[in-house]
Structure formats: C-alpha cells, structure tokens
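>>> okay, here's the prediction I keep looking at, along with the sequence it came from:
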Amino acid sequence: GTWSMMLAFMAAILATCHVSVRPCAESALSQSAKLSSGAAYASAVVLLSLASTPCAAIADVGTGQQLFDAKCAACHAGGGNVNPLTDKTLKKEALQKYGYADEAALSALISKGKGQMPAFGEGVPDFLRLSDEQIGSVAEYVLKQAANGW
C-alpha cells in the first residue's frame, strides 16, 4: 500500500546515511513490502524522525564515541592505556610517534589489531566485529579527542 511505498522510499534514502541509521533503514527496506499498513505506518514514523536529522549530523562523533565506549574504553579510557609499561596511548603525541595520526592508519590498526590489542575487523567473531564504517567512526572520534587533548 501507500505506507509501504513511503516506508521503502524513506528507508532507501536513509540507508545511504551513516552506520548508526543504516541497519534500521535497511531492515525496514527489506521488510516494507511484507508489512501491514499499520506496521508500515509506524515504521515510517520512526524513520521520519531519523530523516529530520541530516546524514552529516548522524555521522557525527556520537557514534564513534558510543562504539569507543563499548569496545575500547576498558583499555583506553581517556585516551590512556591500562598497561602502565607502555607509552602506546591514544594521545596525540603517541599516535604521531607510532604512525597512527591519520584516519586510514588508525582504522587499519583497529581493524587488524596489534600486540595485545584485539582486532575488530573482518574475520573476528560477530560480537567483536565492527564494520568498516564503524571502525572509521571510532578512528575519527579518537583523532578528534586526541587533537583536543582528551
């Protein structure tokens, strides 16, 4: 019906947004034709509330911070390192010293891990796995925090 078509249209647009919205939008898009009119309407209302936020704002540091808090902060709270025997922190100077002061290098480290730091990219169990976009969000967040002195 009409609501299913509107839901599919909104979901297709929102699926191009950042990772925080994409799963919801893609799920709605795949299910839109199967939903009853009422369920499609309710889903459209939820997606409409997401649509009122520009994609750039959704992609902002909030997602990176949430992912960092969930996956990284146990070892790197405040940009530090729980291992007192290393200077491999997330502080600006350490990132520069070890070659991780740009998003691509830091994303590769997050994806592949190194030493005691676990990998979060492809090939790890689902409960640890972050998508490339999520990894980029975390790297962006870390670099912004490092630039601001944590």
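That came through, no problem. Numbers count the residues shown, from 1 in each chain.
>>> following the helix or strand of the chain with the lowest mean pLDDT, which helix or strand comes up?
When each helix and strand of the chain is scored by mean pLDDT, DSSP states H and E, helix 55-58 comes last, with a mean of 46. Sequence order places helix 61-71 as the next helix or strand after helix 55-58, per DSSP states H and E.
>>> and the contacts of that next one?
Here helix 61-71 makes contact (CB atoms under 8 Å, 6 or more residues apart in numbering) with 18-20, 76, 120, 128, 130, 134, 137-142, 144. Where C-beta positions appear, they are placed from N, C-alpha and C, glycine not excepted.
>>> those residues in strands, which ones?
Among the contacts of helix 61-71, DSSP state E puts none in strands.
>>> and of these, the nearest to residue 109?
Minimum distance to residue 109 across the contacts of helix 61-71 is 8.3 Å, recorded for residue 139 (CB to CB).
>>> with residue 97 as the reference, measure out to that closest one.
Residue 139 sits 17 Å away from residue 97, taking CB to CB, to the nearest Å as the criterion.
>>> neighbour-wise, which of those two wins?
residue 139 (23 against 13; other CB atoms under 10 Å).
>>> burial measure for residue 145, as a count.
Residues near residue 145, counting by other CB under 10 Å: 19.
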